[in-house]
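S.K.: only geometry, no sequence info:
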């Protein structure tokens, strides 16, 4: 399964990405709040893949996990 998820809370996301799936994490050039990318202070498996928002349309996404209300609009725009 390919899961789109934002890196919002480091410890929560670290626990979540330990599963057997591929995790797509948006990354923006400034690594701002909507595109932090992979954690730099946590140990995440190689199955966590950074994807720039403009490339998300090309990804096969099976599931989206939103943690903040505005992420719903980002899903509409980016996918």
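M.R.: Yep, that arrived. This one's a predicted model, so the numbers in the text were calculated from it and none came from an experiment.
S.K.: Kindly confirm my reading that residue 14 forms part of a helix.
M.R.: Yes: under DSSP: H, G, I helix; E, B strand; the rest coil, residue 14 sits within a helix.
S.K.: what pLDDT does it get?
M.R.: Residue 14 is assigned a predicted lDDT (pLDDT) of 96.
S.K.: Can you report how many residues neighbour the closest residue to it other than its chain neighbours?
M.R.: The shortest distance from residue 14 to any non-neighbouring residue, by C-beta to C-beta, 6 or more residues apart in numbering, is to residue 42 (4.5 Å). C-betas here are computed from N, CA, C, even on glycine. Per other C-beta atoms under 10 Å, the neighbour tally for residue 42 reads 14.
S.K.: May I have the phi/psi pair for residue 42?
M.R.: phi -120, psi 160 (degrees, to the nearest 10).
S.K.: for this structure, what spans make up the helices?
M.R.: Along the chain, counting by DSSP state H, helices occupy 10-16, 71-78.
S.K.: If you count neighbours, what's buried in the last one?
M.R.: Residues 71, 74, 78 are the ones in helix 71-78 that count as buried (16 or more other C-beta atoms under 10 Å).
S.K.: swap in the shortest one?
M.R.: Taking 16+ other C-beta under 10 Å as the neighbour-count basis, helix 10-16 is seen to contain the buried residues 13-14.
S.K.: residues near the nearest residue to residue 8 once chain neighbours are set aside, how many?
M.R.: Nearest residue to residue 8 in three dimensions, chain neighbours excluded: residue 67, at 4.8 Å (C-beta to C-beta, 6+ apart). Using other C-beta under 10 Å, the number of residues around residue 67 comes to 12.
S.K.: check contacts around residue 67.
M.R.: Counting by C-beta atoms under 8 Å, 6 or more residues apart in numbering, residue 67 touches 5-6, 8-9.
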